[in-house]
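Enquirer: Pasting the sequence and the predicted coordinates here, then a few questions.
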Number of protein chains: 4
Amino acid sequence: MLKVAVVGATGYTGIEIVKILLDHPGVEIVSLTAKVDSPISLGAEFPELAGRIDLEVDNLQVEKVCSLADFVFLALPHTVSMRFAPAFLAAGKKVVDLSADYRFRDAAVFSRWYETPHLDPAGAAEAVYGLPEIYRDPIVKARLIANPGCYPTGTILGVYPALKEGLVDGERIIVDAKTGVTGAGRKPSLAFLFPEVNGNFRAYSLGAHKHTPEMEVILAEAAGRKTMVEFAPHLLPVNRGILGTIYLDLLREVSEEEIGRIYRSYWGKEPFVDLCPPGRLPQLREVVGTNVCRIGLKVNPRTRRLLVVTAIDNLLKGAAGQAVQNMNLMSGFAEDSGLPKLGRVGG
Amino acid sequence: MLKVAVVGATGYTGIEIVKILLDHPGVEIVSLTAKVDSPISLGAEFPELAGRIDLEVDNLQVEKVCSLADFVFLALPHTVSMRFAPAFLAAGKKVVDLSADYRFRDAAVFSRWYETPHLDPAGAAEAVYGLPEIYRDPIVKARLIANPGCYPTGTILGVYPALKEGLVDGERIIVDAKTGVTGAGRKPSLAFLFPEVNGNFRAYSLGAHKHTPEMEVILAEAAGRKTMVEFAPHLLPVNRGILGTIYLDLLREVSEEEIGRIYRSYWGKEPFVDLCPPGRLPQLREVVGTNVCRIGLKVNPRTRRLLVVTAIDNLLKGAAGQAVQNMNLMSGFAEDSGLPKLGRVGG
Amino acid sequence: MLKVAVVGATGYTGIEIVKILLDHPGVEIVSLTAKVDSPISLGAEFPELAGRIDLEVDNLQVEKVCSLADFVFLALPHTVSMRFAPAFLAAGKKVVDLSADYRFRDAAVFSRWYETPHLDPAGAAEAVYGLPEIYRDPIVKARLIANPGCYPTGTILGVYPALKEGLVDGERIIVDAKTGVTGAGRKPSLAFLFPEVNGNFRAYSLGAHKHTPEMEVILAEAAGRKTMVEFAPHLLPVNRGILGTIYLDLLREVSEEEIGRIYRSYWGKEPFVDLCPPGRLPQLREVVGTNVCRIGLKVNPRTRRLLVVTAIDNLLKGAAGQAVQNMNLMSGFAEDSGLPKLGRVGG
Amino acid sequence: MLKVAVVGATGYTGIEIVKILLDHPGVEIVSLTAKVDSPISLGAEFPELAGRIDLEVDNLQVEKVCSLADFVFLALPHTVSMRFAPAFLAAGKKVVDLSADYRFRDAAVFSRWYETPHLDPAGAAEAVYGLPEIYRDPIVKARLIANPGCYPTGTILGVYPALKEGLVDGERIIVDAKTGVTGAGRKPSLAFLFPEVNGNFRAYSLGAHKHTPEMEVILAEAAGRKTMVEFAPHLLPVNRGILGTIYLDLLREVSEEEIGRIYRSYWGKEPFVDLCPPGRLPQLREVVGTNVCRIGLKVNPRTRRLLVVTAIDNLLKGAAGQAVQNMNLMSGFAEDSGLPKLGRVGG
């Protein structure tokens, strides 16, 4: 059994990792930490877990975690992970970091968009971007994974085949994305109170969201093309899920059939990418509660554009699920071990 | 024009008073206060009000408010109102207090349930309970109104006729009530984050909610009967509205027709109480956005019970709307001036 | 592998059975039927199932189903199941019927409340009420199971221990229950359109809901006490889940500790009943997506009542999950095989 | 008092017209029609209107309506209005048609997109497009108004100033719009059941929505520029409101300040267009329940685009409210008579 620690266990992402691991046949959770005033029982905070897991949640002590665990998930805020990751690596642990800290090989890009110096440029240079559909081989060998952002995951999977094949203009990508509220985290807040969100819908961070360079850098590197992304995120009155509508300028005439064949040649065998049948588009509820990214394709010959719609569960394929998918690859488990493919939309 | 101050203007209740008063033909808002770090523009916080009202919102200074306003709404937390109300009264202002501080003539009852000494027992003894359907005459003459709690408003209007007529057992009243989330106030919070409430439903404060003695005392006093209320509040995933299902033991056989006649004799001419036609029950959406309390009646001859369902908008008839209804009575306006009777369910 | 047919596969309950069975290690789905104009692909209607199951859905032909399957789930409307169940039994199949048709041993009770003659009184007399927590032994040996109604499941589990022990008055039971909208079924409708339900809340069928006699008859039979239930169902703006608040008159003084001990002695070892720790009550989101019934207990010494709050997922423990739990018992599988205990609240 | 008929009174749009008119000081509703089996009471269908209006709703008989009313709202499905409008005009009535039938001066464009011959090309040529902010003068003199579509209203108000001033490329307009569910109408349906929409989000009709040519034709005509619109509508889990995010390619460098000045020069004095202050974007809840269109502007110098976000209530400024705004102009009332500017988000 792989001994696993979850650092940052009481956020929406951390608790989702815990839930997945509880159903994982090859894993034992040995350590849970979070910023707490005094140690708490996980079951007191999340009553549905009472009786399922007995660990106390205490503040992070790196040495203690190192003495217990062989594999560490860092579900920490941006700029906090890089303060702790080096110590875990130095102690020989494998790490999946769910923050943005290690997503840019070039620490200067991180510094520019996150407006803070990078504390571990060597780690940034070493880390592998944890999108298995593109970087599976290096992930298998990695000791430090930068788990992708929620928005970039859906966007990159939706754009990459068309971009790589030279079908669309990489410098005119428009991503209009809509996320559920768990994307904003689990902390006291006025802006995300129920009455502020329910019955409401809004755009935010137009032209300024920090996931923009992540999309641009990874797509450019992976596809070998210049990129420029107009990224417009919006907040949906739902708990979970991201649906992105992506507008791509076609560089040549192409039929939906041909586009479909191309995407199938890229993603057809992927366990966690589903392509909609021709004429269908994905809906949020088809992916909520699953680790699946669903993609639908529409060619508009009138405007000479390819429209791509992608849907993921922001907490699963967009965070915790993908993190476990990476753990599975790094640790020799079946890639889909413990990961749900069918959901049950609640609400 | 009546010069009005709203103390506590940025909560859900305070802003609702402001919105009503902006449509009121006889009122001028002259002062808005709230706990703020520095003065803010109301339109910056509530953009839909920008251009409609230019007042700054600053911290409460009693003397300044007294120099500007003749009528004061106190939309403050419990135990805070009683620190300020006496000064406004002493300055000759009329006051509608929306907290619980003045709802109990007997300050000892307040102290017992709210677990704090009362700072103004004389005010408590003087204040009139602001439920116009029962206390209209004293309200007209009052200078200090204790605006009723949201839950008691619907409950008292639903129970009073049957209790007063001796049809039901006052000591076996059960009130199963369900409220929208604005009832919890507008302040940073983990428990009322969208993902904690959406798709969820829960009971809270069973047997311990502070509105229990308010229902018991007012019903007992008004109907001249002994009372005991089992009150079970629940949290609905909606923004606004309270629906209460009330279980009453019948003391004698009675038909729905007779009950209907009795309730019409009490509420038939009330501008803000609507009785459902026979066989119909109220729905939340029929009252959301209005100052109306709707009441439906069902006799179950098998169990010998009268079931009463009442619905109000917790921010209107349950708070701000009723407060303005009281202001109208106290100031010689038409009782329904500025108060909406038709809503538009958003969401 | 057990060969299973789902009759009525495209309703909310039928599709839920399919989803559970797809994750069940000992089952093969061999037949899906529904009322269709012409055969349809399940994946066309439910795209998230495309690629997971290849069966066509066609109209029910009993002989064809009998030639393929050994175990049959009937997810049909009330009064329809009893037209087909006898033929499946005669062919030697085991049957779990999710309608109300076989829930009353005495077919006359069924006829009175459902206002139609019973077509299979012998089947009604033979069928076992499929609540494993009370009827596990007869279920194991049964060939025809009447799967309990969604409301009765939560109510009976919440009331039975106190009633059986003689702690509460069985003739004064009040059940105020609130259900998600999937309880109304998956068919074109005006009353259950999104804008008619969202932001709304309402009571319905007060004193007249057909689950009332089911609660009364089963509780009376199981506990050996006279019963009378005041049952008031309500419609919540959520997809899934039922939360019931149950009011019971205590016949003697009892502490919460003692009540807790009693309930633990009944349900402590049940795989799908969770008792909340003292002072806690269940929330809907703790059970949505699971086959678990959670129960919270509150004694109000002031009113001498025991309040019981129970929560289930209406499609799982309230229907499809319980049906599979029964199949597991009838077929020698582990009782919890394929059944989820941890959910992910969507919405 | 203007005598008004509402043809199609029981849909979401029709009932909204009725609610507005009930608060309108210069109007008397004299006739309500809808497709009904037999005459119904409006208050039986919409209980909150019981006691507010006594008219029966019966099937449309043109002559009867003509004998009662001087002004007619046609809230009918597309292709139905043009069967009746000529008769009302011939009888000397003024008509606001809320369908698409008269929105295209060139009936051939209508025929192409709506795939049916136009029955009244002369009416189409005469009708005035009822967007007061652009066509106020001809509206005042018109006898037949084509009330704009919900999506085009927000889009045209958001794009027109920039396009007219030659700041942006009219042939590369992208409109990513999101609507509430009332936009789908009030009729029995599977796709719009609560559990199918709640917790869900989806795109539909990509590249094929019939509002596309309406945006293109009106913008081209009004701004005197060539246009091509990529229009992607989506379905939000909210009752009301449309938020559109519009991507425009800038033809020259321009600052947000300059753009703001330009938009203010167009819309600064409009009673129902609100421009957000610099740095702010509109939210749905700011317009739900109002006849206001709110517009926010964002220049992205990195991508050389102007992003425009517009928000309206689809039933008010997007349909019924704008229809009454047109009636006010055609009938000599104050333009804002009866029309709400402040909402109360329910939900």
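Expert: Here it is on my side, so go on.
Enquirer: and the residue in the stretch 1-150 of chain A that chain C sits nearest to, how many neighbours does it have?
Expert: Distances between the stretch 1-150 of chain A and chain C by CB to the nearest CB are smallest at A:E48, namely 4.2 Å. Using the backbone N, CA and C atoms, a C-beta is placed for each residue, glycine as well. Applying other CB atoms under 10 Å in any protein chain shown, we find 23 other residues in the vicinity of A:E48.
Enquirer: you'd agree it is up against C:L342?
Expert: Yes: counting by CB atoms under 8 Å, C:L342 is a contact partner of A:E48 at 6.4 Å.
Enquirer: How about the secondary structure of the residue of the stretch 1-150 of chain A closest to chain C?
Expert: Using DSSP: H, G, I helix; E, B strand; the rest coil, the structure places A:E48 in helix.
Enquirer: Which elements pack onto the longest helix belonging to chain A?
Expert: For chain A, the longest helix by residue count, based on DSSP state H, is helix A:150-164. Helices and strands touching helix A:150-164, by 3 or more CB pairs under 8 Å, 6 or more residues apart in numbering or on different chains; DSSP states H and E, are helix A:132-141, strand A:173-179, helix A:211-223, strand A:229-235, strand A:242-249, helix A:256-267, strand A:293-300, strand A:305-312.
Enquirer: how many degrees apart are the second one and helix A:150-164 in direction?
Expert: What that stands for is strand A:173-179. 150 degrees (axes from the mean of the first three to the mean of the last three CA atoms, to 10 degrees).
Enquirer: Strand A:173-179: what's the following helix or strand?
Expert: helix A:194-197 (DSSP states H and E).
Enquirer: which other residues reach whichever helix or strand comes after that next one?
Expert: Downstream of helix A:194-197, the next assigned helix or strand under DSSP H and E is strand A:202-203. Applying CB atoms under 8 Å, 6 or more residues apart in numbering or on different chains, the contact partners of strand A:202-203 are A:232-235, D:243, D:245, D:281-284, D:309.
Enquirer: and if you look at stretch A:319-326?
Expert: Under CB under 8 Å, 6+ apart, the answer for stretch A:319-326 is A:13-14, A:16-17, A:20-21, A:24, A:73, A:75, A:96, A:98, A:130-132, A:139, A:145, A:147-148, A:150, A:153, A:272, A:290-291, A:313, A:315-316, A:335-340.
Enquirer: any idea of the mean pLDDT in stretch A:21-38?
Expert: Regarding stretch A:21-38, the rounded mean pLDDT is 96.
Enquirer: Could you tell me the end-to-end distance of that stretch?
Expert: With CA to CA, to the nearest Å applied, stretch A:21-38 spans 25 Å between its terminal residues.
Enquirer: ok, and does it reach over to chain B?
Expert: No: using CB under 8 Å from any CB of the partner chain, stretch A:21-38 stays clear of chain B, coming no nearer than 13.2 Å.
Enquirer: starting at the chain centroid, how far to that stretch?
Expert: 19 Å (CA atoms, centre = their mean, to the nearest Å).
Enquirer: Buried residues, that stretch. List them.
Expert: Neighbour-count burial for stretch A:21-38 flags A:21, A:24, A:26-27, A:29-34 (criterion: 16 or more other CB atoms under 10 Å in any protein chain shown).
Enquirer: For A:C66, give me phi and psi.
Expert: phi -60, psi -30 (degrees, to the nearest 10).
Enquirer: Give me the nearest residue to it, chain neighbours excluded.
Expert: A:A91 (4.2 Å; CB to CB, 6 or more residues apart in numbering or on different chains).
Enquirer: Tell me the spacing between the one you found and D:V36.
Expert: To D:V36, A:A91 is 76 Å away according to CB to CB, to the nearest Å.
Enquirer: Kindly report the same for A:R52.
Expert: Using CB to CB, we find A:R52 at a distance of 56 Å from D:V36.
Enquirer: Name the residue most distant from the centre of chain A?
Expert: Among the C-alpha atoms of chain A, the one most distant from their mean position (CA atoms, centre = their mean) is that of A:R302, at 34.2 Å.
Enquirer: From what I see, that one and D:L206 are in contact.
Expert: No: using CB under 8 Å, A:R302 is not in contact with D:L206, being 11.5 Å away.
Enquirer: Give me the helices and strands touching the worst-scoring helix or strand of chain A on mean pLDDT, please.
Expert: Of all helical and strand segments in chain A, the minimum by mean pLDDT, DSSP states H and E falls on helix A:42-45, at a mean of 89. Packing partners of helix A:42-45 (3+ CB pairs under 8 Å, 6+ apart): strand A:56-58.
Enquirer: Name the residues of the strand it packs on that are buried.
Expert: Buried residues in strand A:56-58 (16+ other CB under 10 Å): A:57-58.
Enquirer: and it with chain C, contact?
Expert: No: judged by CB under 8 Å from any CB, strand A:56-58 stays clear of chain C, getting no closer than 15.8 Å.
Enquirer: Please give the centre-to-centre distance between that strand and its chain.
Expert: 25 Å.
Enquirer: strands paired with that strand, and their directions?
Expert: Under the criterion DSSP bridges, strand A:56-58 sits next to strand A:27-33 (parallel), strand A:40-41 (antiparallel) in its sheet.
Enquirer: Next, format those strands as a markdown table and append distance to D:G260.
Expert: Below are those laid out as a markdown table (distance: least, CB to CB, whole Å):
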| stretch | distance to D:G260 |
| --- | --- |
| strand A:27-33 | 48 |
| strand A:40-41 | 50 |
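Enquirer: Of the ones you listed, which is nearest A:G123?
Expert: strand A:27-33 (20.0 Å; CB to CB).
Enquirer: Do a quick rundown of the helices in the stretch 1-150 of chain A.
Expert: For the stretch 1-150 of chain A, the helices defined by DSSP state H, counting those that start in this stretch cover A:12-22, A:42-45, A:62-68, A:81-90, A:107-114, A:121-126, A:132-141, A:150-164.
Enquirer: most neighbours per residue, which of those?
Expert: helix A:150-164 (a mean of 26; mean count of other CB atoms under 10 Å in any protein chain shown).
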